[in-house]
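>>> Here's a sequence, model it:
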Amino acid sequence: MSGIAGIVFADPRRAPDPDLVRWLGTSVASPAASAQVLTWECGGFAVHAAPGYRASLSSRDVGGGTVRLAFHGILFESDGARPDDPERLLDEYLAHGTSFVGALRGDFSLAVWDGRTGVTHLAVDCFRVQSIYHDATSDRLLFGTHLRSMESCPRFTNRSLNPEAVLDLVEVSRIQTPRTIYRAVGKLPEGTALAYRDGRATLERYWRPDYRVVDRRPLSELEREVRARFQDAVRARLPQSGGGKVGAYLSGGVDSTAVLGTLAQVTGSRVSSFSIGFDEPGFNELGFAETAARAFQSDHHVHIVTPRETVDVIPRIVAMFDEPFGNSSAVPAYYCARLAHQAGVQVMYAGDGGDEVFAGNDAYAARRVFEYYDRVPAPLRTLLVSPAATLAGTVLPWGPFRRARSYVRRASIPYPERIGAYDLFREFPKEGLFTPGFLELAGTTYEPFAAVAARYRDALARTELDRQLYVDLRLLIADSDLFKVTRSAEAAGVGVRFPFLDRPLAEFAAGVPASIKMRGRRLRSFFKDAFADLLPEQTRTKKKHGFGVPIAVWMRNHPELRDFARGLVLGERTMARGIFRRQGVEELLRLHEAELGTSLHGAAIWNLMMLECWLREREDASRASLAFGPPPVPATA
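Residues are numbered from 1 along each chain as shown. Next comes the predicted model:
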């Protein structure tokens, strides 16, 4: 592991005991290196850096007390300088307070203890490339970049599991911030700082993109600027002299190809690229990756992932994510990072974030089709279109009639609920999958898309597209894609850079008119046009696919993975937990076996597998059972 960890007591007279000092020494250490540790009267910080990142501690006596700072990550400057010197960061804090965090450009987690005020501050970067988990009680604040480091702390005693986190996992394949698998632990949201004072923690958001100020300059000027800004984002992330060999993830899509091409231009040298393929029709895009590799003459490496390798890597997947994580593309992400490590690469460039910054997700085009339905006069929709489509789809439930009924149903859902209209619990009610006792523990207020709705309303935007971009940039990218790539890379021994997630670039993109970012249903039209002379024609015109794994197909067609999945989700140990109804799981498996052209039920089965594997791994390590706690009692006025 790498990152930061720490504990601070609310009572300034309390000294860390030897057990806590020993914990700090091992909390973020790797097998090859020990952590740097800083302790004082009522607390302590620990840091350790993995390849591609920095870790530092600093302490300074100033008027009125001592200030201590812990930093993990990396900061960027256009001239290649690294502004993450701990003394410089401490200077910035002393001059500007916590507002200095809003001016940082990079991927980081940090902690500050201010002895003048007794306040502890935690912060993560704008996009949460780096994470911080936190557990605040009236007498102490415990935190860590990794949940596993907190679990090893003697003061981490509330291990009650969160039923709502399980509902999240099964529904959307991830646990949504600020929730975690433990009731007492929270995740710090992107672009947010936490202040702990007098036994209480408060959150303050220091950054979010603003889409309301529209850039009205001519299109040609906007295209020139996006090219310049993107090149700057790539250049600023290059390792300093002797900082290691760089490479690039290459799926063959627009974003990864643009990263590779720009990286080759900026470095003026041959870049290593890495791709994952599958021997499964419809899931192999190696041809597009090879086209990009030839266009930029990269040193290209390829690995074909098999169902056998998927079974083999599951324990590794479970260990590297700290808490249950259901995005099955973690499998190819890990094998791709491992391939890079084997080739001697220390820092990988990734195209994640391009879809959310420049409107490249299929969902945006699909929702625009639904918006066409909104233009039909309401009386006509209510009295004619909706009843006709529903009747036709019910009487003739196949082909275009079924699709028409589904279209009208989803188009009739208002925003922001429409963003989550295609989800498991609408097709397979949770009451059929979970036991009544478990749902009682989860409480009656759970809403799977409450986080989506909150961010939708919070967006500084005027158009539906910009609101959707804001939701995904603040929620989906941090909880899913970045978590997947950073943790799989760390497990493989490489660092990662995300040039699309560069704050100046994202702020510029927010000002590009929505009508230009996506013309009609043409995804990322602005970005593609601006980079037309860089991207191969096959790349510009290819259909969006995504970096996925045919897990649902394999669980249906490959006996080894199918039997492993069935034996795990229906096993006696799984059923004895009282979370799932056996009949519900069996029905989920039946629907998965019958479904064609969709992976909805297969993805849910994978999520169940990841949950059970995580529970078993933690229980076997601690030799104790984990239990789900009841919902917290609301505070009375």
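
>>> G432 and W606, how far apart?
Relative to W606, G432 is positioned 19 Å away (criterion: Cβ to Cβ, to the nearest Å). C-beta here means a position set from N, CA and C on the backbone, and glycine is covered the same way.

>>> Looking at the two, which has the bigger crowd around it?
Neighbours were counted for G432 and for W606 using other Cβ atoms under 10 Å; W606 has more, 25 against 13.

>>> Point out the other helices and strands that the helix with the most length in the chain packs with.
Looking only at the chain and at elements set by DSSP state H, the helix with the highest residue count is helix 600-622. With contacts defined as 3 or more Cβ pairs under 8 Å, 6 or more residues apart in numbering; DSSP states H and E, the packing partners of helix 600-622 are helix 163-172, helix 307-320, helix 424-427, helix 551-557, helix 559-569, helix 572-575, helix 582-594.

>>> what residues does the first one touch?
Read that as helix 163-172. The set of residues that contact helix 163-172 without belonging to it, under Cβ atoms under 8 Å, 6 or more residues apart in numbering, is 174-176, 179-181, 323-326, 420, 423-425, 430, 433-434, 438-439, 441-443, 446, 448, 579, 604, 607-608, 610-611, 628, 631.

>>> try the second one
Around helix 307-320, the neighbours that count as contacts under Cβ under 8 Å, 6+ apart are 324-325, 330-331, 334-335, 487-488, 490-491, 549, 551, 554, 558, 560-561, 564, 609-610, 613-614, 617.

>>> are any of those residues buried, and which?
When the contacts of helix 307-320 are checked for burial by 16 or more other Cβ atoms under 10 Å, the buried set is 324-325, 330-331, 334-335, 487-488, 490-491, 549, 551, 554, 558, 561, 564, 609-610, 613-614.

>>> Show me where the stretch 1-150 of the chain has its strands.
In the stretch 1-150 of the chain, strands defined by DSSP state E, counting those that start in this stretch lie at 3-9, 36-40, 43-48, 54-62, 65-75, 106-114, 119-124, 133-136, 140-144, listed in chain order.

>>> Give me the neighbour count for R497.
The tally of other residues near R497 (other Cβ under 10 Å) stands at 26.

>>> Excluding chain neighbours, give the residue nearest to it in space.
Distance criterion Cβ to Cβ, 6 or more residues apart in numbering; nearest residue to R497, sequence neighbours excluded, is R237 at 4.1 Å.

>>> quick one: the one you found from D198, how far?
40 Å.

>>> per the record, what domains does the chain have?
Under automatic domain parsing, the residue ranges defining each domain of the chain are 3-205, 209-549.

>>> Between its first and last residues, how far does the last one reach?
Start and end residues of domain 209-549 are separated by 32 Å (Cα to Cα, to the nearest Å).

>>> Stretch 591-605 too?
Calculated as Cα to Cα, the first-to-last residue distance of stretch 591-605 is 11 Å.

>>> Repeat that for stretch 128-141.
20 Å.

>>> model confidence over that stretch, on average?
Averaged across stretch 128-141, the pLDDT comes to 96.

>>> Low-confidence regions, the stretch 1-150 of the chain specifically.
Low-confidence regions of the stretch 1-150 of the chain, defined here as pLDDT under 70, cover residues 79-82.

>>> pretty sure D210 is touching F508, no?
No. In this structure, D210 sits apart from F508 without contact. The criterion is Cβ atoms under 8 Å, and the distance is 11.4 Å.

>>> Would you mind giving me the ChimeraX syntax to select the buried ones in the contacts of helix 163-172?
Only the buried members of the contacts of helix 163-172 enter the following ChimeraX selection, criterion being 16+ other Cβ under 10 Å:
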select :174,175,176,179,180,181,323,324,325,326,420,424,425,430,433,434,438,439,441,442,448,579,604,607,608,610,611,628,631
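
>>> quick one: which of the contacts of helix 163-172 sit in helices?
For these, the ones inside helices are 424-425, 430, 433, 438-439, 441-442, 604, 607-608, 610-611, with DSSP H as the criterion.

>>> TSV for those, including pLDDT?
Putting these into TSV (pLDDT from 0 to 100) gives the following:
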residue	pLDDT
L424	85
F425	86
K430	93
L433	97
F438	96
L439	95
L441	93
A442	92
A604	95
N607	97
L608	97
M610	97
L611	98
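
>>> Looking at R237 and D198 now, which is surrounded by more residues?
Set side by side, R237 and D198 show unequal neighbour counts under other Cβ under 10 Å, the larger going to R237 at 24 against 8.
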